[in-house]
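Engineer: next comes the sequence, and after it the predicted model I'd like to discuss.
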Amino acid sequence: MKMKGNSLINEEKILRLPSWIKFPISKASEFERIQTLIKKSNIHTICEEARCPNRAECYASGTATFLLGGSICSRSCAFCQVNKGRPSSIDINECIKVAEAVKVLNLKYVVLTSVARDDLPDHGANLFISTINEIRKIDSSIKIEVLTPDLWGGGKNFDETNTLQTERLKMILEKDPICFNHNLETVERLQKEVRRGANYKKSLGLLKKSKYIAPHIQTKSGIMLGLGETLDEIKNTIYDLKKIDCDQITIGQYLRPSLNHLAVKKYWHPTEFEYLYRFSKELGFKKVSCGPLVRSSYHAG
């Protein structure tokens, strides 16, 4: 511990970035063109807001992940670079702007995610619905994956809140996305520290409900490594996802966005990622994306 002004500050060991984490080099002109369009359209992508290391690769392959509901999240997860605070008012034209961007960029596979909007009666469910509708007006053949928050809250008791979550989920699944994605982010023990306001069992329950309501829609979840979890905890998390018939899993390395975020406790080696890839495939997941730079929407299409 050390003093800063009148406060005690924890001295953290900052780990050096290992040699095996190498960020891909993009074609600068194409990358800049897409970034300019996004800014001009006044829309948000999680690719940009979270500084995803793979965004150039995804843009080049015709994939992008749009962030709905503005750029300010109502929750304050300790790992996430998206701004936290009081969310802005809803832009009723956001869905149209996103659809127009999809058209201009000639995207074939679109991932829709959102900030947590616990301030809204529907917790943001209609943001997904309206955007899917607008994209399909342009081209009904575009594949759409949704990556939602937990849609939890708003009821006076557990049963009412649980019912509301189910109703919001059904509204989204009725739009028949190609994949329903909801991330656990980390192992059960670290949930409270990492995902403030979220809950491991509720998140598993959401994925389980999705498979029950719409068995034909693939389910997907992702976790980050390097937050202090053990190998056994990771394997138990993968088991938990398989037990609810989750189809796809992404496993990547947590990279600290700033000194205000959780510190990296360990950089997992590529051979360890390879082990977890084989472990997940042997359990029967239909698709496994596993590696240091893998993120929720990596190779989603």
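Structural biologist: Yep, it's here. Residues are numbered from 1 along each chain as shown.

Engineer: can you tell me the element residue 96 falls in?
Structural biologist: helix 94-105 (DSSP states H and E).

Engineer: and what of residue 146?
Structural biologist: strand 143-147.

Engineer: mind listing what's buried in the next helix or strand after that strand?
Structural biologist: Toward the C-terminal end, the helix or strand that comes next after strand 143-147 (DSSP H and E) is helix 158-173. Using 16 or more other CB atoms under 10 Å as the test for burial, helix 158-173 gives 164-166, 168-169, 172-173. To be clear about C-beta, it is placed using only N, CA and C from the backbone, and glycine gets the same treatment.

Engineer: now stretch 74-88
Structural biologist: 74-75, 77, 79-82, 84, 87.

Engineer: which one of those residues sits closest to residue 257?
Structural biologist: residue 81 (3.9 Å; CB to CB).

Engineer: the closest one against residue 258, yeah?
Structural biologist: Yes: counting by CB atoms under 8 Å, residue 81 touches residue 258, with 7.4 Å between them.

Engineer: Three-state assignment for the residue lying closest to residue 262 once chain neighbours are set aside, please.
Structural biologist: Nearest residue to residue 262, sequence neighbours excluded (CB to CB, 6 or more residues apart in numbering): residue 78, at 4.7 Å. Residue 78 falls in the coil class when you classify it by DSSP: H, G, I helix; E, B strand; the rest coil.

Engineer: still on that earlier bit, okay, the buried residues of helix 158-173 in a markdown table with distance to residue 211 and pLDDT next?
Structural biologist: What follows is those, written out as a markdown table (distance: CB to CB, whole Å; pLDDT from 0 to 100):
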| residue | distance to residue 211 | pLDDT |
| --- | --- | --- |
| 164 | 19 | 94 |
| 165 | 15 | 94 |
| 166 | 13 | 95 |
| 168 | 16 | 96 |
| 169 | 11 | 97 |
| 172 | 14 | 98 |
| 173 | 10 | 98 |
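
Engineer: so which of those comes closest to residue 263?
Structural biologist: Nearest member of the buried residues of helix 158-173 to residue 263, counting by CB to CB, is residue 165, at 32.6 Å.

Engineer: touching, the closest one and residue 148? I think so.
Structural biologist: No: taking CB under 8 Å as the definition, residue 165 is not a contact partner of residue 148, at 10.5 Å.

Engineer: what is in contact with these two at once?
Structural biologist: residue 206 (CB atoms under 8 Å, 6 or more residues apart in numbering).

Engineer: and the strands in the stretch 201-301 of the chain?
Structural biologist: Using DSSP state E, counting those that start in this stretch, the strands of the stretch 201-301 of the chain run over 218-225, 248-253, 287-290.

Engineer: could you work out which of the ones you listed reaches nearest to residue 182?
Structural biologist: Here strand 218-225 is closest among the strands of the stretch 201-301 of the chain (CB to CB), at 6.0 Å.
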